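Engineer: Take this sequence and fold it.
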Amino acid sequence: MYQVTKLHYHRLQKMLDVHFDDGQSHSFSAEFLRVHSPSAEVQGHGPGQQQLVLNKQEVAIEQIEPVGHYAVRVVFNDGHNSGLFSWQYLRKLSEQHEELWQDYQQRVSSRHDVPIKFTP
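Structural biologist: Numbering: from 1, shown residues only. Below is the predicted model:
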């Protein structure tokens, strides 16, 4: 079990640095964390129920609240605050970052929804 020893949020870059007790560290964009939130709103309530969260390129982190000695609640400026990022989940995100981000980008680009634009 890994422990997080330090979190540092860079407001201008919208990047969260996560440092683990084994010396490993990783930087996450606020967008990445928002679209991979462990909340039921994003992950669903079971396998195969994950939701595709779109248009979060400009999202920022407003607050990081500790939850015991095992997680943080990340409050985003779009109002989302229900995901508890455990140390183990943050480690998983760091170890699988590239593949998770590529998968997300592929899912976004393969959408066939055409937004309807109404003009007066």
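
Engineer: Skipping its backbone neighbours, what lies nearest Gln63 in space?
Structural biologist: Nearest-residue entry for Gln63: Val75, 4.0 Å, with adjacent residues in sequence omitted and distances by Cβ to Cβ, 6 or more residues apart in numbering. For the C-beta atoms, the positions are set from N, CA and C on the backbone; glycine is no exception.

Engineer: Please apply the same query to Arg107.
Structural biologist: Arg107 sits nearest to Leu52 (Cβ to Cβ, 6+ apart), 5.5 Å away.

Engineer: which residue ranges form the helices in this protein?
Structural biologist: All helices of the chain, identified by DSSP state H, fall at 30-35, 40-43, 87-95, 97-109.

Engineer: helices or strands up against the shortest one?
Structural biologist: Think helix 40-43. Using 3 or more Cβ pairs under 8 Å, 6 or more residues apart in numbering; DSSP states H and E, no helix or strand is in contact with helix 40-43.

Engineer: Now do Phe118, the pLDDT please.
Structural biologist: On the pLDDT scale, Phe118 is placed at 62.

Engineer: so the residue lying closest to Phe85 once chain neighbours are set aside bridges to which residues?
Structural biologist: Among residues not flanking Phe85 along the chain, Val72 sits closest, at 5.3 Å (Cβ to Cβ, 6+ apart). For Val72, the beta-bridge partners under DSSP bridges are Pro66, Phe85.

Engineer: Spatially central residue for the protein, please.
Structural biologist: Leu33 (1.3 Å; Cα atoms, centre = their mean).

Engineer: coming back round to it: count of neighbours near the residue nearest to Gln63?
Structural biologist: Neighbours of Val75 under the rule other Cβ atoms under 10 Å: 16.

Engineer: nearest spatial neighbour of Phe20, skipping sequence neighbours?
Structural biologist: Phe20 sits nearest to Tyr2 (Cβ to Cβ, 6+ apart), 4.9 Å away.

Engineer: my read: that neighbour touches Gln88, true?
Structural biologist: Yes: proximity of Tyr2 to Gln88 meets the contact threshold set by Cβ atoms under 8 Å, at 6.7 Å.

Engineer: residue ranges with poor pLDDT in the protein?
Structural biologist: The chain contains residues with pLDDT under 70 at 112-120.
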